[in-house]
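S.K.: Give me a 3D structure for the following:
(2 chains)
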Amino acid sequence: MRVRLSKASVRNDLVHKIEEISGQDLLACYQCGKCSAGCPAAFAMDMLPSQVIRYAQLGLVEKVLASDTPWFCAACQTCYARCPKGVDLARIMEAIREIVLQEKGDHITINDIPPVELAEFPQQLFIGGFRKYTA
Amino acid sequence: MKVPYFPGCTLNTTAKGFDNAVRASAAALGVELVELPEWNCCGATFPLLADNAMDLLGPADVLYKASLEGERLATACTTCYNVMRRANYALKEDGEILEKVNYFLEHDSDYEGSVEVLDVVQILRDDVGWEGVRQAVTKPLNELRVAAYYGCMVVRPPDEVAYDDPDNPTTLDDLIEALGGQPVDWPHKTECCGAYLAVKSPQATQEMSYAVLSSATRNGAELVVANCPLCQFNLDKQQQTMAQRHAGYRPIPVLYYAQLLGLALGLDGSNYDLDKTIIAARPLLERVGLL
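M.R.: Numbers count the residues shown, from 1 in each chain, chains lettered A, B, ... in the order given. Below is the predicted model:
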């Protein structure tokens, strides 16, 4: 993939927005890949967790916003516990979800979940899930 | 000993059996869990947006109400434990957030971050002690091989929530040993079950639960015990269709540690919802003489 970068495009508004919402310094990451290696949901993702940060570091936020990866982050914090630079990737994933939710609205439709399944959900799944996936 | 107690939404509804078991077991060991006179949902997931203090109002309100009852607050649901503990940490660390939250709560006095949020298991370990538990056992687990599953909530992030070694916690293993069981040494005790991904992708949740459960079985476990109602739900529910994706899959029952504790203490488990699981635990419990 050929990508053209400039100083202005690398540190664009969306990059600043992600950093502000997450409270994290994207440039702290030196791409060791520990987060991707240990992520228990990585198999389901279309982009590795470390790649999410890499794209954001390069200012290519659109790629990240279109990715399914942030929606597969269960905030289990394994990456954060292992990150040698103390980057809280779960917060970055949450910031990305938040930007998409604000722009596009709900990520899931409650009515798509079969009522039988819904009736079995523990309350915390209801509340937690809908807090993460709806605007 | 009386300790203020926050059951949370799930223990008040779908996980009532866990609540009944934990209250009765603690009481039998001299710890009376006194439910807060008034409480609300903790939020069910810790808010990760650094610039939004509003999401902390729910847990902060519970913490304030707990502060009127005492210095400690016991939780049994480990998601509540995680959310309340992290919220408390955020309030203590950042005076600006604390001020904002107190301003919005509009109580007669301000919350100062004084409450210590504890998992009931910590109280059993530190106040009752494993020797005390061992002496109270009337129906030992008979060497039942149990995989203690801690999940994420009591170990990560370590600085904010870990009540034990975050990489290899042993508190629940020690409890199982005190009950006469055989704790299984396994590498997936703190691996994520899939949590709220169950709303978006049952398939991904199933794969994550499979990784955990197959590791437990591979390492010789006959039973898995959980401490979080969402972990228990995912690990049990996902087994319903697991054999369709993993040929030869061997099902394993998933209970709460408190159900096992109550039975081992010889208490009446009729309100523990022991038969509510999809993978039946009763044959196993009967075999070892707990039922």
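
S.K.: which residues touch the spatially most central residue of chain B?
M.R.: Centroid-nearest residue in chain B: residue B:227, 2.8 Å away (criterion: CA atoms, centre = their mean). By CB atoms under 8 Å, 6 or more residues apart in numbering or on different chains, the contact set of residue B:227 is B:76, B:78, B:119, B:121, B:149-151, B:153-154, B:172, B:256-257. Any C-beta I mention is one placed from the backbone N, CA and C, and that applies to glycine too.

S.K.: Among these, which lie within helices?
M.R.: B:78, B:121, B:172, B:257 (DSSP state H).

S.K.: who touches residue B:125 in this structure?
M.R.: Residue B:125 neighbours (CB under 8 Å, 6+ apart): B:171, B:174-175.

S.K.: redo that, cut-off 6 Å
M.R.: Going by CB atoms under 6 Å, 6 or more residues apart in numbering or on different chains, residue B:125 touches residue B:171.

S.K.: which helices and strands does the helix or strand where residue B:10 lies pack with?
M.R.: Using DSSP states H and E, residue B:10 sits in helix B:8-11. Identification of packing neighbours for helix B:8-11 by 3 or more CB pairs under 6 Å, 6 or more residues apart in numbering or on different chains; DSSP states H and E yields helix A:123-133.

S.K.: Buried residues of whichever strand or helix holds residue B:133, list them for me.
M.R.: Element membership of residue B:133, judged by DSSP H and E, is helix B:130-136. Judged by neighbour count (16 or more other CB atoms under 10 Å in any protein chain shown), helix B:130-136 contains these buried residues: B:133, B:136.

S.K.: what does stretch B:49-60 give?
M.R.: By 16+ other CB under 10 Å, the buried positions in stretch B:49-60 come out as B:49-50, B:53, B:55-60.

S.K.: Quickly note the distance from residue A:86 to chain B.
M.R.: Distance, residue A:86 to chain B, by CB to the nearest CB, to the nearest Å: 10 Å.

S.K.: The contacts of residue B:227: which two are farthest apart?
M.R.: Within those, B:76 and B:149 form the most distant pair, 15.1 Å apart (CB to CB).

S.K.: that older thread, what about the helix holding residue B:133, average pLDDT?
M.R.: Taken as a whole, helix B:130-136 has a mean pLDDT of 98.

S.K.: ok now that helix, how far from the chain's centre?
M.R.: With CA atoms, centre = their mean, to the nearest Å as the basis, helix B:130-136 stands 21 Å off its chain's centre.

S.K.: Walk me through the domains of chain A.
M.R.: A:7-104, A:108-135 (automatic domain parsing).

S.K.: distance between the shortest one and the chain's centre?
M.R.: Shown here is domain A:108-135, whose average C-alpha point lies 20 Å from the average C-alpha point of the whole chain (CA atoms, centre = their mean).

S.K.: Pull up the distance across it, start to finish.
M.R.: 10 Å (CA to CA, to the nearest Å).

S.K.: Equivalent analysis for stretch B:216-227, please.
M.R.: Chord length of stretch B:216-227, first to last residue, is 16 Å (CA to CA).

S.K.: in chain A, which spans are helices?
M.R.: Assigned by DSSP H, chain A shows helices spanning A:7-10, A:13-22, A:34-38, A:49-57, A:61-66, A:78-82, A:89-104, A:115-120, A:123-133.

S.K.: sorry, back to before: could you dump the domains of chain A into JSON lines with mean pLDDT and mean neighbour count added?
M.R.: As requested, these are exported to JSON lines (pLDDT from 0 to 100; neighbours: other CB atoms under 10 Å in any protein chain shown):
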{"stretch": "domain A:7-104", "mean pLDDT": "97", "mean neighbour count": "18"}
{"stretch": "domain A:108-135", "mean pLDDT": "93", "mean neighbour count": "16"}
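
S.K.: Now distance to residue B:127 too, for these, in JSON lines please.
M.R.: Listed next are the domains of chain A as JSON lines, based on distance: least, CB to CB, whole Å:
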{"stretch": "domain A:7-104", "distance to residue B:127": "28"}
{"stretch": "domain A:108-135", "distance to residue B:127": "27"}
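
S.K.: Any idea which of those domains gets closest to residue B:161?
M.R.: Of all those, it is domain A:7-104 that lies closest to residue B:161, at 9.2 Å by CB to CB.

S.K.: Could you tell me which residues of chain A lie near chain B?
M.R.: A:21-23, A:40, A:44, A:74, A:76-77, A:80-81, A:90-91, A:94, A:108, A:122-125, A:127-129, A:131-133 (CB under 6 Å from any CB of the partner chain).

S.K.: Work out for me the element the residue of chain B most remote from its centre sits within.
M.R.: Distance from the centre of chain B peaks at residue B:108, with 32.5 Å (CA atoms, centre = their mean). For residue B:108, there is no host helix or strand (DSSP H and E).

S.K.: Can you tell me the SS state at the residue nearest to residue A:127 when sequence neighbours are not counted?
M.R.: Nearest non-adjacent residue to residue A:127, counting by CB to CB, 6 or more residues apart in numbering or on different chains: residue B:44, 3.8 Å away. With DSSP: H, G, I helix; E, B strand; the rest coil as the basis, residue B:44 sits in coil.
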